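K.L.:
quick check, what structure comes out for this input:
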Amino acid sequence: MAADLHTGGCLCGAVRYAVTGALRDVVGCHCSQCRRTTGHFLAATAARHANFTVVKDSGLKWYQSSPSARRGFCSQCGSTLFWEGRGKPHVSIAAGTLDDSSGLRTVCHIHVADKGAYYEIEAAVPQSADGSFCVPLP
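P.N.:
Numbers count the residues shown, from 1 in each chain. You can find the predicted model right below:
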């Protein structure tokens, strides 16, 4: 994505964020935690921490979902927003929360060994049984 500013937020507007610079293309995560927090699987872009700012946080809550990661959501409307891995240089952002996602595309699926039995993943997009395959940050 070439634009310099990307904005987004939750359904009710209690959480808003901005990203300056490029976003990573979309990765579909099919791990059981992502499926439970979203109701399906998480389609996420990402931005470097230095380029990411929460501009409105009145509804933002963080849940420590594992010893190595936390998840950000809106406590007012329940929107899934972010995933942050401890020590990672980026924050993952639920792609559906962007105000404009044009220019992004789904480039891989991870944790597919954990995917739900009720759906199939398109064969043309690379898949990883675990989380080892990923796309570098821009």
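K.L.:
which residues does the residue lying closest to residue 68 once chain neighbours are set aside contact?
P.N.:
Leaving aside its chain neighbours, residue 68 sits nearest to residue 86 (4.8 Å; criterion: Cβ to Cβ, 6 or more residues apart in numbering). Bear in mind the C-beta positions are built from the backbone N, C-alpha and C, glycine included. Going by Cβ atoms under 8 Å, 6 or more residues apart in numbering, residue 86 touches 67, 68, 69.
K.L.:
closest to residue 51 out of those residues?
P.N.:
residue 69 (19.8 Å; Cβ to Cβ).
K.L.:
how many residues are close by the closest residue to that closest one other than its chain neighbours?
P.N.:
Once flanking residues are discounted, residue 69 sits nearest to residue 85: 4.8 Å by Cβ to Cβ, 6+ apart. By other Cβ atoms under 10 Å, the residues close to residue 85 number 14.
K.L.:
so what pLDDT did residue 85 get?
P.N.:
With respect to pLDDT, residue 85 has a value of 94.
K.L.:
need the phi and psi values for it.
P.N.:
Main-chain torsions, residue 85, degrees, to the nearest 10: phi -90, psi 130.
K.L.:
do the same with residue 36
P.N.:
Backbone torsions for residue 36, taken as degrees, to the nearest 10, come to phi -70, psi -40.
K.L.:
how far away is it from residue 64?
P.N.:
15 Å (Cβ to Cβ, to the nearest Å).
K.L.:
quick one: the helices in this structure?
P.N.:
With DSSP state H as the criterion, the chain has helices at 32-38.
K.L.:
can you list the low-confidence ranges for it?
P.N.:
Applying pLDDT under 70 to the chain flags residues 1-3, 133.
K.L.:
mind redoing it with 80?
P.N.:
Along the chain, segments meeting pLDDT under 80 span 1-3, 132-138.
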